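Q: Okay, structure incoming, though there's no sequence with it:
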């Protein structure tokens, strides 16, 4: 199954193109095509994950050009895990959007597929310029999705999001120009080798290139001081889109992990920007937990929880021991699925409260108050990191592997602030509410999508051991960049 | 030659950054355009400046063809993104009734 590795890019690409051809606006056909594509991705992603779990790093040379001259796709344990996570998240997100939200704009389904293509491509590529191209693919799709459904708030948040990302792309290009100018290559593995052969001025230029990449990836990941766009964009996006966007910040985290692990973990520029990433991660944690307290809408609160998770993850990455990286990956799986589920839940609550939406003021109880309250409780416990759910396991693993008092203080303090914020939100929405909510029944498929995502919290807690074992294995492979370099440059060179 | 190209890039990027920091969408779009011109030139010269040489690596002195391919990709992407931003800015004008990037009206009120 040597060609399977390109399927996570080709399936959504074909589905997206087919959907663009469908101009007669037959919504059921569109939904069917979209769902078929994401459901087809599931077994593919699982098969790739199994293949990668064997330990061999698979290299797919497009056009059979030998690396470093051609573009390669690389499947190692880390990229396989990320592709699987993205697919698992996409199914409920699309299911939720299929209920009605997709009718509010012409090309929702095509954009959704192209977004998946960009995300999967960014996870699989082994070439820096190709990474830039996939970033642009996922970004332009995300512009369309973020704006999907109109409204002044969306347009305003959209302009900030687009302008910031265009500037980010410009910086990325500058970094790529420097990379090519100094090392003469854009292949990640080849860059990791060549950067160690530099000296003098060229080495300093490569250092600048690396630091510029941290800025760009930090913007994608929403790291302090580059996170201000996120709460407005996510809180205003359509629910299914916001849930899918839960993995977009992780693309930034992944990109840092990939490039750092390959080129800057050891060698001439060892530990490049590590201290800065560490400090930024802690500041992100601090400011995001204040943001959770200050949020005036449930969606905004969840968006700040996403920013908080980025701080948590980036600190685990900046500590850069294989153990902390493994713990961080477990937390990454947990936070992506649970915050995706919370975005859906926020929308369910907003729908059940009429005009008030998801604003955190006492008012009429949402439809299905008891059920939604229970779901909110599960989601909140998981995302704060209280026992017995997955957030707790993730945080314990991180605390064990990152023995820095400052991190403990920020992580636990942030958890406390999040606890205060979410308890207040929950009691305002569900307890101080008047009446028992409208007599309408909750929409079953929407509820199912939300439950599917939030079920990740107990599931990840019950199967914590095998999952942690898997992520630790991923981290062990990540910590040996030579394996990756040999796999890419060794074969066919 | 190097100095001239360097100054050119510096001027483009400098004016671009200045315009991006303005509060109206039109100057911001112009700024992004200028910024991407500067960046494209920068990527273009990352294969070093060589005049009147064939773009073939190997036989004798040559000019590096790869950055030209890269910059072509970057130009196409940048063009599409700018076009999108123009449409978005027009839509923002239509929906919020102002061309301020924060959607603020001239009297200071929220749109």
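A: Everything's here; your move. Computed from a predicted structure; not experimentally measured.

Q: Spell out which parts of the stretch 101-250 of chain A neighbour chain B.
A: When proximity is defined as CB under 8 Å from any CB of the partner chain, the stretch 101-250 of chain A approaches chain B at A:129, A:133, A:136, A:140, A:143, A:147, A:150-152, A:155-156, A:158-160, A:162-163, A:166-167, A:169-170, A:173-174, A:176-178, A:180-181, A:186. C-beta here means a position set from N, CA and C on the backbone, and glycine is covered the same way.

Q: can you do 6 Å?
A: Contact residues, the stretch 101-250 of chain A versus chain B (CB under 6 Å from any CB of the partner chain): A:136, A:152, A:155-156, A:159, A:162, A:166, A:170, A:173-174, A:177, A:180-181.

Q: Among those residues, which one has the most neighbours?
A: Ranked by the number of neighbours (other CB atoms under 10 Å in any protein chain shown), those place residue A:173 first, at 28 neighbours.

Q: Was I right to think that residue contacts residue B:43?
A: Yes. Using CB atoms under 6 Å, residue A:173 is in contact with residue B:43, at 5.5 Å.

Q: what is in contact with the two at once?
A: Residues touching both residue A:173 and residue B:43 by CB atoms under 6 Å, 6 or more residues apart in numbering or on different chains: residue B:74.

Q: quick one: contacts for the residue of the stretch 1-150 of chain A found nearest chain B?
A: Here the stretch 1-150 of chain A gets closest to chain B at one residue, residue A:136, 4.9 Å apart by CB to the nearest CB. Counting by CB under 6 Å, 6+ apart, residue A:136 touches residue B:77.

Q: what does the model give it for pLDDT?
A: Residue A:136 carries a pLDDT value of 92.

Q: try residue A:407
A: Looking at residue A:407, the pLDDT reads 91.

Q: Helix or strand for the nearest residue to it once chain neighbours are set aside, just tell me which one.
A: Closest residue to residue A:407 apart from its sequence neighbours, by CB to CB, 6 or more residues apart in numbering or on different chains: residue A:315 at 5.6 Å. In this assignment (DSSP states H and E), residue A:315 forms part of helix A:298-319.

Q: Ok, residue A:74 next?
A: Using DSSP H and E, residue A:74 maps to strand A:72-75.

Q: among the residues of the stretch 101-250 of chain A next to chain B, which one has the lowest pLDDT?
A: residue A:152 (79).

Q: Next, the buried residues of the lowest-mean-pLDDT helix or strand in chain B.
A: Lowest on mean pLDDT, DSSP states H and E among the helices and strands of chain B sits helix B:66-96, with a mean of 89. Neighbour-count burial for helix B:66-96 flags B:66-67, B:70-71, B:73-74, B:77-78, B:81-82, B:84-85, B:88-89, B:91-93, B:95-96 (criterion: 16 or more other CB atoms under 10 Å in any protein chain shown).

Q: What of stretch A:317-331?
A: Across stretch A:317-331, burial judged by 16+ other CB under 10 Å covers A:317-320, A:322-331.

Q: what about it, average pLDDT?
A: On average, stretch A:317-331 scores 91.

Q: which residues are contacting it?
A: Applying CB under 6 Å, 6+ apart, the external contacts of stretch A:317-331 come out as A:257, A:274, A:277-278, A:281, A:313, A:316, A:394, A:397-398, A:401-402, A:468, A:471-472, A:474-476, A:478-479.

Q: tell me which parts of chain B are close to chain A?
A: Residues of chain B found near chain A (CB under 6 Å from any CB) are B:32, B:35-36, B:39, B:42-43, B:46, B:74, B:77, B:81, B:85, B:91-92, B:95-96, B:101, B:103.

Q: any idea how far the spatially most central residue of chain B is from residue A:132?
A: Averaging the C-alpha coordinates of chain B gives a centre point, and the residue nearest to it by CA atoms, centre = their mean is residue B:36 (1.5 Å). Applying CB to CB, to the nearest Å, the value for residue B:36 to residue A:132 is 13 Å.

Q: Could you do residue A:467 as well?
A: Per CB to CB, residue A:467 is found 32 Å from residue A:132.

Q: between those two, which one's more packed in?
A: Set residue A:467 next to residue A:132 and count neighbours by other CB under 10 Å: residue A:132 wins out with 23 against 20.

Q: any idea which element that one lies in?
A: In this assignment (DSSP H and E), residue A:132 forms part of helix A:128-147.

Q: ok, now residue A:394?
A: helix A:390-401.

Q: Give me the buried positions along that helix.
A: Result for helix A:390-401 [16+ other CB under 10 Å]: buried residues A:390, A:391, A:392, A:393, A:394, A:395, A:397, A:398, A:399, A:401.

Q: Now render those as JSON lines, adding distance to chain B and pLDDT.
A: As requested, these are exported to JSON lines (distance: CB to the nearest CB, whole Å; pLDDT from 0 to 100):
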{"residue": "A:390", "distance to chain B": "38", "pLDDT": "91"}
{"residue": "A:391", "distance to chain B": "35", "pLDDT": "90"}
{"residue": "A:392", "distance to chain B": "40", "pLDDT": "92"}
{"residue": "A:393", "distance to chain B": "41", "pLDDT": "91"}
{"residue": "A:394", "distance to chain B": "36", "pLDDT": "92"}
{"residue": "A:395", "distance to chain B": "36", "pLDDT": "92"}
{"residue": "A:397", "distance to chain B": "39", "pLDDT": "92"}
{"residue": "A:398", "distance to chain B": "37", "pLDDT": "92"}
{"residue": "A:399", "distance to chain B": "40", "pLDDT": "92"}
{"residue": "A:401", "distance to chain B": "39", "pLDDT": "91"}
